[in-house]
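**Q** Need coordinates for the following:
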Amino acid sequence: MMTLAAFHSEWVKLRRPTLLWGTFVGLALAASMFAVLLFSQAQHGTRDQGGLPSLEELAQPNGLIHGLSRAVILLGIVAFGVAASQVASEYSLGTLRQMLVRQPRRLVFLLGKYLAVVSFLVAAVALAAVIAGVVAIGMAHVRGVPTSAWFSSTGVTDLTRALGDILLAVIGYATLGTVVGLFLRSSVAAVIVGFAYLLPVEAIITAIVHSTSAWLPGEMLTDVAQGGTQTVSYGHALGISAVYLLVAAGAAALWFRRRDVTA
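**A** Residues are numbered from 1 along each chain as shown. Model (predicted):
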């Protein structure tokens, strides 16, 4: 019940129109944009040099998920940013101390807050997936791509599995954002550090040392969202991601429980 109270309390903040509409509409538009670009650039024959699927590949049972899977890094970055800012802003605005007076059990408070943020992001990504799917169907008809295989039993199974993998990755990114927000205690610093690491830093590291692509947390979460790749299996990506997240979450919970809150 105490966790539920913290959960509802956090949702009061998450329902702010600027955050709610900005996140939900923004993710839906971004995912739809990826679907439009994917179908508009696809050609007949084989994949192009950039790895874009052909029109024939888009007609396969898993064709509906290509656009959403391309947007996974963007979905993850938004999840990271929202989670980090929601946690760190309690320190920046000086509201954490007052909230802990109402709920002195810190881990209960943190768990409720985390679950609220995760449910918010899962709902946003689910809506983005639905809207992107509708856009993909429209683009398929424009490009003459048959969609009957998408709604076969195989297609529905592939879609369900892919959406589940993407949501797992989004939860992972949100967990990392929560951890960084707790440690840095500044919304701006947490978002900047997270974005810098997930985008240029990991890209530079993997470009210099290719073998690290099978071990870095951002790369692993991306591989989870894609259901594994030719070089990294789904099981490996899921296992390494789980280790990173459990260690990071445990360290952050211990830090939050023991460190004084002075403002």
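
**Q** Which residue ranges of the stretch 51-200 of the chain form helices?
**A** 55-58, 66-70, 72-92, 96-102, 106-143, 153-184, 187-196 (DSSP state H, counting those that start in this stretch).

**Q** what's the angle from the fifth one to helix 72-92?
**A** Put plainly, it is helix 106-143. Helix 106-143 and helix 72-92 meet at an angle of 150 degrees, taking axes from the mean of the first three to the mean of the last three C-alpha atoms, to 10 degrees as the criterion.

**Q** Can you tell me the closest non-neighbouring residue to Ile73?
**A** Leaving out its chain neighbours, the residue that sits closest to Ile73 by C-beta to C-beta, 6 or more residues apart in numbering is Thr222, at 6.1 Å. Yep, even glycine has a C-beta here, placed from its N, CA and C like the rest.

**Q** ok, the one you found to Arg143 distance?
**A** 27 Å (C-beta to C-beta, to the nearest Å).

**Q** who's more crowded, these two?
**A** Thr222 (24 against 15; other C-beta atoms under 10 Å).

**Q** which is the next helix or strand following the helix or strand hosting that one?
**A** Thr222 belongs to helix 217-225 when assigned by DSSP states H and E. Per DSSP H and E, the first helix or strand lying C-terminal to helix 217-225 is helix 234-258.

**Q** For that following helix, which outside residues touch it?
**A** 106-107, 110, 165, 168-169, 172, 175-176, 178-179, 182-183, 214-215, 217, 220-221, 223-224, 227-228 (C-beta atoms under 8 Å, 6 or more residues apart in numbering).

**Q** Could you do stretch 184-201 as well?
**A** Residues contacting stretch 184-201 (C-beta under 8 Å, 6+ apart): 73, 76-77, 80-81, 84-85, 87-89, 91-92, 176-177, 180-181, 218.

**Q** again, but for stretch 82-101
**A** So stretch 82-101 is contacted by 9-10, 13-14, 19, 23, 106, 109, 113-114, 117-118, 120-121, 173-178, 180-182, 184-187, 189-191, 194, 261-263 (C-beta under 8 Å, 6+ apart).

**Q** Likewise for stretch 13-30?
**A** Around stretch 13-30, the neighbours that count as contacts under C-beta under 8 Å, 6+ apart are 71, 74-75, 78, 82, 86, 116-117, 120-121, 123-125, 127-128, 131-132.

**Q** Restricted to buried residues, select the residues you listed in ChimeraX.
**A** Applying 16 or more other C-beta atoms under 10 Å to the contacts of stretch 13-30 leaves a buried subset, and the ChimeraX line that selects it is:
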select :71,74,75,78,82,86,116,117,120,121,124,125,127,128,131,132
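
**Q** quick revisit: which of the helices of the stretch 51-200 of the chain has the lowest average pLDDT?
**A** Comparing mean pLDDT across those, the weakest is helix 96-102, with a mean of 75.

**Q** how much space is there between the spatially most central residue of the chain and Val82?
**A** The structure's the chain has its C-alpha centroid closest to Val170; by C-alpha atoms, centre = their mean the separation is 2.5 Å. Going from Val170 to Val82 by C-beta to C-beta gives 10 Å.

**Q** any common contacting residues for those two?
**A** Leu121.

**Q** and Thr175, what does it touch?
**A** Counted by C-beta under 8 Å, 6+ apart, Thr175 has contacts 83, 114, 245, 248-249.

**Q** Give me the number of neighbouring residues for the nearest residue to the residue nearest to the centre of the chain once chain neighbours are set aside.
**A** Leaving aside its sequence neighbours, Val170 sits nearest to Ala79 (C-beta to C-beta, 6+ apart; 4.7 Å). If you count neighbours by other C-beta under 10 Å, Ala79 ends up with 30.

**Q** likewise Phe151?
**A** Phe151 has 13 neighbouring residues, counting by other C-beta under 10 Å.

**Q** Based on its surroundings, how many neighbours for Leu184?
**A** Neighbour number of Leu184 under other C-beta under 10 Å is 19.

**Q** same check, this time on Asn62
**A** 20.

**Q** circling back to that earlier point, make sure the residue nearest to Val170 is actually in contact with Gly177.
**A** Yes: using C-beta atoms under 8 Å, Ala79 is in contact with Gly177, at 6.6 Å.
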